[in-house]
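In: Sequence first, predicted model second:
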Amino acid sequence: MSGPGFIFWGLFVACAAIVAAYAAWLVWEERR
Amino acid sequence: MSAQIWVFIAYFCIVFAIGWYSLRATRGETDYWIAGGELGWFTGGATMAATHTSAGTFIGTIGVMYTAGWSFGWVLLSIPLSYWFMVAVLAPRFTRQKELTIPAFIETRYYGKGIRGLAAVIILVATVVYIQAQILAGGLIANAVFGVPTTAGMVGFTAILLVYTIVGGMVAVVYTDAFQLVVMGLGALFAVPLALRQVEGAGGLLTLVESAHPLVFTWETMPATLLLTMGLSFFLGGIATPEKLIRLYAMKDMRTIRRGVLFAIIMILSLNLLVFVLALTAIVLFPTLPTGDLAMPMIATAVLPATLGAIMLAAITAAMMSTVDSLLIVAGSALSVDIYQNLVDPGASPARRLRVDRLGILIVGSVPVVLLLSGVGEGELVQFIVLLFTALMAAAFVLPVVGGVLWRRATREGAAAAMVGGVGATFLWEAFGAASVEPVLCGFLASAVLYVGVSLATPPPPASAIEPYFGAPTR
């Protein structure tokens, strides 16, 4: 992908993905 | 009186009220420096996010993005990753024994008062420079809101900050931070839709930005090495800046830390993304600003209606104040606890210690404004001072702190060499190195080589230094 599409929207998606991954880790850590 | 001034008067009244309440809640040094070590996830996470979000975000980040384009935004991803590393790897071991300051941790782990003093001196010097950059931003805001000279604004903000921080210590800092985070959130949330309306909405914005600044959505505006090393700087600095580490001691337990940091990450990412969008609107609305640092004040004064503009300016002020108050705590404790009480007057009574603590904050808070008034440190882009501070902290403290709780063999001499060498290498690269690589890379590598090399070449640490941090991590 190139142009404004990926460089712009990709950042929002990446931020959401990191938050989701952290939240999943948190839940896993508390159930452990 | 104008709406702007009323918004600011209300804002300062709330801050002072919190300071007054905190005075009554502060009974000893543990309350004064780490809020009793009993913070919950909301206050703990809020103070982390508010401390992280500085004038660097509201003035500096928007300034860099205005000049260099959207690719800079991707550096943001290093921030949640660094918090995650801090919580998952560092915190469970680091918080097994709570201290009042980071240099106190250095003394316990590296068995020496001298190395504690060294850490305190590095923190003091770097923090004073960082506070200067923030206070300077405060002066620009005061000039925009009240029309007073920048210097009067700097003195005024410093006085306000000193009053509530000296009076209420960490308790005041934490609760004012939570309030200031709300102000920042409101400011950014109101500003974005109004700014978007001026540029024909979100769809119109992207087209208009590209025609005003054709390279804005490409990777060509900043060298890849610079983006990657800036990311490294935020990652490493995020792990080991003392004002963040001390919050691990201030929160109740690991469960609280994990939840608080999730809250902090969400707030930091949201605020930054909103600010990034504002930077794009500034490219369209004000294409010819002399410096990117003016983009946010221009939006607040020329795009938003008076009251909302005032809330936006209050948000920038909140970002600045909530960072400086935390730095005052870190630098003040370095001066009064780690240098004065540790090296000069170890036998002071508790009442005298609290008096010295307050005096320490007064001193470290006054020095930056005195330096600025005498013309030292003016005119730098705020974001680059933030980056240099982050690089210095990363080079000095990541290995002694992270290595200290992960590697038993690390010695006092290794840690001292890592701190001095890391700081020295960072400055050398800043002065003579290539501008396309952040100085943190050189500083961190020098620090790593010295930490490992000198540790292996010196006698292993005594059991008393290892015992508090090794064994089963706290959960």
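Out: Everything's here; your move.
In: Need the pLDDT of B:Q383.
Out: B:Q383 carries a pLDDT value of 63.
In: near chain B, which residues of chain A?
Out: Contact residues, chain A versus chain B (Cβ under 8 Å from any Cβ of the partner chain): A:3-4, A:7-8, A:11-12, A:14-15, A:18-19, A:22-23, A:25-26, A:29-30. Every residue, glycine included, has its C-beta placed from N, CA and C.
In: try 7 Å this time
Out: Within chain A, the residues that sit near chain B (Cβ under 7 Å from any Cβ of the partner chain) are A:3-4, A:7-8, A:11-12, A:14-15, A:18-19, A:22-23, A:26, A:29-30.
In: Tell me the helices and strands packed up against the host helix or strand of B:E413.
Out: Assigning secondary structure by DSSP states H and E places B:E413 in helix B:412-432. Under the contact definition 3 or more Cβ pairs under 7 Å, 6 or more residues apart in numbering or on different chains; DSSP states H and E, helix B:412-432 sits against helix B:102-110, helix B:113-146, helix B:382-398, helix B:439-457.
In: Counting only helices, which of the residues of chain A next to chain B make the cut?
Out: A:4, A:11-12, A:14-15, A:18-19, A:22-23, A:26, A:29-30 (DSSP state H).
In: circling back to that earlier point, check the helices and strands packed on helix B:412-432 for me and report the most buried one.
Out: helix B:382-398 (a mean of 26; mean count of other Cβ atoms under 10 Å in any protein chain shown).
In: So what touches it?
Out: B:54-56, B:59-61, B:63-64, B:122, B:126, B:129-130, B:133, B:137, B:230, B:233-234, B:236-237, B:239-241, B:293, B:419, B:422-423, B:425-426, B:430, B:438-440, B:443-444, B:447 (Cβ atoms under 7 Å, 6 or more residues apart in numbering or on different chains).
In: For B:W41, give me its contacts.
Out: Contacts of B:W41 (Cβ under 7 Å, 6+ apart): B:256, B:259-260, B:263.
In: Let's see that with 8 Å instead.
Out: B:251, B:256-257, B:259-260, B:263 (Cβ atoms under 8 Å, 6 or more residues apart in numbering or on different chains).
In: What residues sit buried inside the helix or strand hosting B:V209?
Out: In this assignment (DSSP H and E), B:V209 forms part of helix B:201-212. By neighbour count on 16 or more other Cβ atoms under 10 Å in any protein chain shown, the buried set for helix B:201-212 is B:205-206, B:208-210, B:212.
In: Equivalent analysis for stretch B:423-437, please.
Out: Buried-residue list, stretch B:423-437, by 16+ other Cβ under 10 Å: B:423-427, B:429-430, B:437.
In: Surely B:A314 and B:F8 touch.
Out: Yes: using Cβ atoms under 8 Å, B:A314 makes contact with B:F8 at a distance of 6.2 Å.
In: Look at the two and report which has more neighbours.
Out: Legend: neighbour count by other Cβ atoms under 10 Å in any protein chain shown for B:A314 and B:F8, higher for B:A314 (25 against 20).
In: ok, now which ones touch B:V303?
Out: B:191, B:194-195, B:198, B:281, B:285, B:309.
In: Repeat the analysis, applying 6 Å as the threshold.
Out: B:V303 makes contacts with B:195, B:198, as judged by Cβ atoms under 6 Å, 6 or more residues apart in numbering or on different chains.
In: State the distance from it to chain A.
Out: 21 Å (Cβ to the nearest Cβ, to the nearest Å).
In: same thing with B:E107?
Out: Distance from B:E107 to chain A, by Cβ to the nearest Cβ: 31 Å.
In: Check whether the strand or helix carrying B:L262 comes near chain A.
Out: Applying DSSP H and E as the criterion places B:L262 in helix B:254-285. Yes: shown here: helix B:254-285 in contact with chain A (Cβ under 6 Å from any Cβ of the partner chain) through B:258, B:262, B:266, B:269.
In: what's the burial count for the closest residue to B:L269 other than its chain neighbours?
Out: Using Cβ to Cβ, 6 or more residues apart in numbering or on different chains and skipping residues adjacent in sequence, the residue nearest B:L269 is A:C15, 4.7 Å away. Residues near A:C15, counting by other Cβ under 10 Å, number 22.
In: and the residue in chain A that chain B sits nearest to, what does it touch?
Out: Relative to chain B, the nearest point of chain A is A:P4 (3.8 Å; Cβ to the nearest Cβ). Counting by Cβ under 6 Å, 6+ apart, A:P4 touches B:206, B:217.
In: Where does chain B get nearest to chain A, residue-wise?
Out: B:F217 (3.8 Å).
In: Would you mark the buried spots in the host helix or strand of B:I5?
Out: Assessed by DSSP H and E, B:I5 sits inside helix B:3-25. Residues B:4, B:7-8, B:11-12, B:15-16, B:18-19, B:22 are the ones in helix B:3-25 that count as buried (16+ other Cβ under 10 Å).
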